[in-house]
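got a structure for you, letters missing:
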C-alpha cells in the first residue's frame with residue numbers, strides 16, 4: 001500500500017507563534033496562506049502543517065500521488081483503492097471517499113488510540 005507523502009497536521013492555538021517556533025527549528029514556509037490560518041512548513045524531507053481553528057486534534061496526513069515536494073509521482077495507489085483495501089481488512093472508516101469518482105478525494109480512519117489518519121489525495 002503506497003500512502004504517499006507524510007506530514008503531521010497540527011491544531012495550533014496561534015499560527016504566528018507556531019510559525020516562529022518551527023522556523024527556529026529550521027523549518028521554512030513551503031505552502032499555505034497565513035491569512036487563512038494554515039501553513040505547510042518544511043525542513044528537508046519533513047513536513048508539518050499548522051492549522052489554526054480548523055480542527056481540534058492533531059492529524060497524521062498522507063497524500064497519495066505526491067512526494068514530499070508536492071510533485072506528482074508516476075505510480076501511486078489511488079485513495080479509493082487504499083480505502084477498499086482497509087475496508088477489506090475490517091478497518092472502520094470515519095468518513096469515506098466516493099468510490100464512483102476519480103481524482104482528488106479523501107477519507108479518515110482512527111488508529112487504535114483514537115489518532116486521526118487522513119488519506120488526502122490531491123491529484
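Yep, it's here. Computed from a predicted model, the values in this text were never measured in an experiment. Numbering: from 1, shown residues only.

separation between the closest residue to residue 18 other than its chain neighbours and residue 51?
Once flanking residues are discounted, residue 18 sits nearest to residue 12: 4.2 Å by Cβ to Cβ, 6 or more residues apart in numbering. Glycine gets a C-beta too; all of them are placed from N, C-alpha and C. Distance, residue 12 to residue 51, by Cβ to Cβ, to the nearest Å: 7 Å.

please say which of those two ends up with more neighbours.
residue 12 (23 against 20; other Cβ atoms under 10 Å).

my guess is the more buried one meets residue 49, correct?
No. Assessed by Cβ atoms under 8 Å, residue 12 is found out of contact with residue 49, at 9.5 Å.

and the spatially most central residue of the chain, bridged to which residues?
The residue lying closest to the centre of the chain (Cα atoms, centre = their mean) is residue 61, at 2.7 Å. In this structure, residue 61 bridges to residue 7, residue 118 when assessed by DSSP bridges.

which residues does it contact?
6, 7, 8, 9, 49, 117, 118, 120 (Cβ atoms under 8 Å, 6 or more residues apart in numbering).

so what's the residue count around the fourth one?
Taking other Cβ under 10 Å as the criterion, the count of residues near residue 9 is 22.

which pLDDT value belongs to it?
Note on residue 9: pLDDT of 97.

cool, and the fifth one?
The per-residue pLDDT reported for residue 49 equals 97.

any idea how far residue 53 is from the residue nearest to residue 18?
9 Å.

repeat for residue 42
22 Å.

more crowded one of these two?
Shown here are residue 42 and residue 53; by other Cβ under 10 Å, residue 42 has more neighbours (19 against 11).

spit out the contact partners of the more buried one.
27, 28, 30, 48, 68.

which member of these is positioned nearest residue 112?
residue 48 (23.7 Å; Cβ to Cβ).
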